[in-house]
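Asks: Predicted model, plus sequence, below.
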Amino acid sequence: MTTFIVSLFLPYTVDFHDLPTPSRRPSPPPRLASTSRRDSISDPQERKASLFPVPTPPRTPSATADHEEFFSQLQPSAATHFPKPHDPRSLVRSDSHVPEWGGGLFFNQPRSRADPAPPDTILEYAKAQERAKAAKIRRTQRSPKGRQSRDHSTDDRPWGSEWTVEPAIQGNGGLANAVRAAVDAGSMGDIFWVGLIGFPTDSLDATTKDEIHEKLESEYDALTVYVSDSDLDGHYVHYCKTILWPVFHYQIPDHPKSKAYEDHSWVYYVHLNQAFADKIVKSYKRGDIIWIHDYHLLLVPAMIRKKLPDAQIGFFLHTAFPSSEVFRCLAVRKELLEGMLGANLVAFQTREYAHHFLQTCSRLLIVEATEDGVQLDHHFVNVMSLPIGIDPKGLSVAREEEEVLSWIKVMQERYRGKRLIVARDKLDHVRGVRQKLLAFELFLNKYPEYRDKVVMIQVASSTTENSELAATVSEIVTRIDAVHSTLAHQPLVFLRQDIAFSQYLALLSVADVLMITSLREGMNLTCHEFVFCQDGKASDKKHGPVILSEFTGSAAVFDGNELAVNPWDYQKCAEAIKVALDMDDVEKERRYSKLRDVVMHHTGEHWCTNLTNNLAKVHDEHYRRDTMSIPRLSIAPLSEKYRRANKRLFILDYEGTLASYGSVTNIILTSPQRVIDALSDLLVDEKNIVYVMSGRTLEELELIFSRLPNIGLIAENGCFVREFGGTDEWISFADDDKTKMWKESVKGILQYYVERIEGSWVEERHCSLIFHYEKADEYEAANRQAGDCANHINDACQNQRVRAIPTKDAVCIEPLDWDKGTAATHIFNNLRKELAPDFLMVAGNDRDDEVIFRWANDMFTNGTITDVTTVSVGNRNTVAMATLTQGTTGLISVLGRLAKLT
Ligand SMILES: O=P(O)(O)OC[C@H]1O[C@H](O[C@H]2O[C@H](CO)[C@@H](O)[C@H](O)[C@H]2O)[C@H](O)[C@@H](O)[C@@H]1O
């Protein structure tokens, strides 16, 4: 059994050695400040000028230039980008920030043969297509037979004779580190990476491609997908980067260029996704697990599902998932959702993104979405959230490296007496660098007393795609420098290029504050790395605070222990800087220990292992259900029974059966109006007696069903019954004194868990107690403790005739003697003789409905009721006679069809 980790880029690439390297430079060892350029200046005047440069004209601030030189002692190259440049399997940066795709930045690699300039209009696009076609024909005519791919119309260099496998610069470093950590810990088994090799490959001949494929497959457990340069360009540079990436980060592209491109680049997106699906299908063996990652490959799950109906497929989205109102702006939107829904399990970084996805499916695909997933016509797709994390073990080794330790010393010396605010972001609109600089500028204006004491070091690698943003940012940098720099101090160090890995770790270690102001971001592993590096093992203990945009996934996991900011609120961001700098040690410590707990618990390894376990579980449930012989509810025989009946009794569960789960006042995913309409249609027929059963209190049920005064109700899972026919009275089965006693004992136990699980709480109903932990800070830990809590109560309260049942995000404690089955018995026994039904239909969806299914099945087998139908809505294993996989919508439509029969 192998797990395929499918991601756009492999964690490996290839460096060709038969050509000169464009930007590779030998990496000098870190030098202490005394060896830096300005310290070598002997003339004191000149030295002073160098130390304290005067503000310079716009766009070339000298302060920055000075610092750039300082940091460029290890200017990024393959040798400085990775902690272990010659070990392709080693830890990499979580966030790679490659400024240019396919630019041959660190390695000798071919350039793209696709048309580099994105046409502005559809007309230009059509012309470009024509040109490309003609060029292809010319190339084919020139090439010798069988070697069509080896043509060099744009690049005649012979790529191929000598190359080595190197760690990839492109791609998702966080994913690579997480998988590696899980494999090393032995929790993943065999894996195969599936992805692109990280550069355009049209210039490679077939033999070289085969050789690379073979080496990566046999020595690096990696399957290379080859696509044409134009497919890759259209997919990545255009559809992904100009359409999906902005939209997923709440930036609706309305630039004319984007609009013109939308329809055309979609084709390339499809092609590339298909190439990935084909590769996986070809390599798949029964029992293999397929994990597809991120927004580049949204269509792959459904493409694989088409060919491999039983495969175990998981999909994880690393970016944010926007609200349905934003997602629906995409021209091709249903296809994207349907593509993702080919998986058994679709997972997100946070609950918010998962919830957005559920709502989007519900609204755009008109399917039923519950908290657990999406109910499609023939199957259920589970949806969950699980935040990715870093690899503390790997990072711990990396920061012990001599180079990192030297840089820590260098920086401590260089910035002695200053408070350092640091950040490393790609200069992309979504990272909010502009907003951060404006907030910093405001901070300097508002609090001049800090001007000489604070330095913000902002590393921001830019791309040509974002030249407008780069220019705007440059202006702000220049302004800050011109206004706030003095002879002795420059408060802003703005680096327009990336820094070496060792410098990055050193910077995180010596900083006082980290400031991240992304306008949206799936997670932000830089924060996690900062927290890890602040523990004082490699440098002085810092335990510095994190100023973090509330729009990042990391803010959701840090849960208020960061200094959360809205990046558009410059005033508040400026204040947050002050709060961070003024924070006393006790408060720092309090926050830091919480942040560190999160970082050390939500590691990449934990993420990988949990995703794999969850996928196995849901796949097993889906598969088991499919192979079980419980028939689907068949409407024709049910209609026949309905027609011939003289009196019909319906007992229908509410949440999860008639309506999706939700609070009484806020039922988001399914409107109860449809439920009310369906039930009132049934109630029109005098032959029908209808009861709704629920775990909710009598007051809640009265509220929900206020418009159906005749309806019978079963509240608190069988502890109360309001009889059919329009009475206001409730029959209570439980003894008040006994209830009071057991509640006292159970509350004592629950108190223990409430104190230990932050965010948990106890809801008291008339005859039951519910221990809720859906908002717990540490959800996984809470989940485990909830299991203990249930066992604890079941052991301790045996004599009090109560039981604790773990349900989703809660433990329900209720009396043993009263349940939906006993309520149904009561109802049936009390029906007057002339109302005795010869038709019974019971519908439920959860394990607490099994008892009433059993009761109803018995009524049929012992001949008490002629026609009985028990239906389980959803996909669980059940004793019901039939299942209804279309979910609540399916049940409502069945009831609607019955109500129309005469
Ligand atoms: O720029 P791309 O090649 O399109 O890749 C997108 C980004 O992927 C990685 O970030 C994503 O995954 C991270 C880990 O789960 C998460 O923290 C981040 O929010 C996601 O966007 C990669 O780290 C970025 O450099 C890429 O830009």
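Replies: Everything's here; your move.

Asks: switch to C-alpha atoms for all contacts and neighbour counts from now on
Replies: Will do.

Asks: Need the contact partners of the strand or helix carrying Glu744.
Replies: Using DSSP states H and E, Glu744 maps to helix 736-756. Residues from elsewhere that reach helix 736-756 (C-alpha atoms under 8 Å, 6 or more residues apart in numbering): 760-762, 767-769, 771, 785, 789, 792-793, 797, 800, 802.

Asks: element containing Pro322, please.
Replies: Pro322 belongs to no helix or strand, assigned by DSSP H and E.

Asks: Could you check how far it is from Thr861?
Replies: Taking C-alpha to C-alpha, to the nearest Å as the measure, Pro322 falls 52 Å from Thr861.

Asks: same check, this time on Val510
Replies: Val510 is 75 Å from Thr861, by C-alpha to C-alpha.

Asks: Those two: who's more crowded?
Replies: Using other C-alpha atoms under 10 Å, the more surrounded residue of Val510 and Thr861 is Val510, with 28 against 11.

Asks: didn't the more buried one look like it was pressed against Ile408?
Replies: Yes. Counting by C-alpha atoms under 8 Å, Val510 touches Ile408, with 6.6 Å between them.

Asks: which residues are in contact with both of those two?
Replies: Common neighbours of Val510 and Ile408 (C-alpha under 8 Å, 6+ apart) are Ser539.

Asks: Quickly list what the residue lying closest to Trp730 once chain neighbours are set aside is bridged to.
Replies: With C-alpha to C-alpha, 6 or more residues apart in numbering as the criterion, Trp730 has its nearest non-adjacent residue at 4.6 Å, and that residue is Arg722. Bridge pairing for Arg722 (DSSP bridges) gives the partners Leu713.

Asks: okay, now Arg722: neighbour count?
Replies: 23.

Asks: That one and Asn845: what is the separation?
Replies: 22 Å.

Asks: What residues does the stretch 201-350 of the chain have near the ligand?
Replies: Within the stretch 201-350 of the chain, the positions adjacent to the ligand are His318, Thr319 by C-alpha under 6 Å from any ligand atom.

Asks: Next, the residues that contact stretch 875-888 from outside, please.
Replies: Counting by C-alpha under 8 Å, 6+ apart, 368, 375-380, 621-622, 625, 630-633, 656-660, 845-846, 850, 853-854, 857, 869-874, 890-891 sit against stretch 875-888.

Asks: one more time with 7 Å, if that's ok
Replies: 368, 375-379, 625, 630-633, 656-659, 850, 853-854, 869-874, 890 (C-alpha atoms under 7 Å, 6 or more residues apart in numbering).

Asks: Could you tell me which of those count as buried?
Replies: 368, 375-376, 379, 625, 630, 633, 656-659, 850, 853-854, 869-874, 890 (16 or more other C-alpha atoms under 10 Å).

Asks: could you dump stretch 711-722 to PDB, C-alpha only?
Replies: Provided in PDB are the C-alpha atoms of stretch 711-722 (Å, rounded to 0.1, in the frame of the first residue of the first chain):
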ATOM      1  CA  ILE A 711     -48.200  18.000  15.400                       C
ATOM      2  CA  GLY A 712     -47.000  15.400  18.000                       C
ATOM      3  CA  LEU A 713     -43.600  16.100  19.500                       C
ATOM      4  CA  ILE A 714     -41.000  13.900  21.300                       C
ATOM      5  CA  ALA A 715     -38.500  16.100  23.200                       C
ATOM      6  CA  GLU A 716     -35.200  15.400  24.800                       C
ATOM      7  CA  ASN A 717     -34.800  12.100  23.000                       C
ATOM      8  CA  GLY A 718     -37.900  10.500  24.600                       C
ATOM      9  CA  CYS A 719     -38.200  12.100  28.000                       C
ATOM     10  CA  PHE A 720     -41.200  14.200  27.000                       C
ATOM     11  CA  VAL A 721     -44.100  13.700  24.700                       C
ATOM     12  CA  ARG A 722     -46.700  16.200  23.400                       C
END
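
Asks: contacting residues for the closest residue to the ligand within the stretch 351-500 of the chain?
Replies: Nearest to the ligand, among the residues of the stretch 351-500 of the chain, is Ile388, at 5.6 Å (C-alpha to the nearest ligand atom). By C-alpha under 7 Å, 6+ apart, Ile388 lies in contact with Gln349, His602, Thr603, Gly604, Trp607.

Asks: With distance to Phe839, pLDDT and neighbour count added, can I get those in JSON lines?
Replies: Shown next, in JSON lines, are the contacts of Ile388 (distance: C-alpha to C-alpha, whole Å; pLDDT from 0 to 100; neighbours: other C-alpha atoms under 10 Å):
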{"residue": "Gln349", "distance to Phe839": "48", "pLDDT": "98", "neighbour count": "27"}
{"residue": "His602", "distance to Phe839": "53", "pLDDT": "96", "neighbour count": "21"}
{"residue": "Thr603", "distance to Phe839": "55", "pLDDT": "97", "neighbour count": "22"}
{"residue": "Gly604", "distance to Phe839": "55", "pLDDT": "97", "neighbour count": "26"}
{"residue": "Trp607", "distance to Phe839": "50", "pLDDT": "98", "neighbour count": "22"}
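
Asks: for the stretch 301-450 of the chain, what are the low-confidence residue spans?
Replies: Residue ranges of the stretch 301-450 of the chain with pLDDT under 70: 368, 377-378.

Asks: Okay then, goodbye and thanks.
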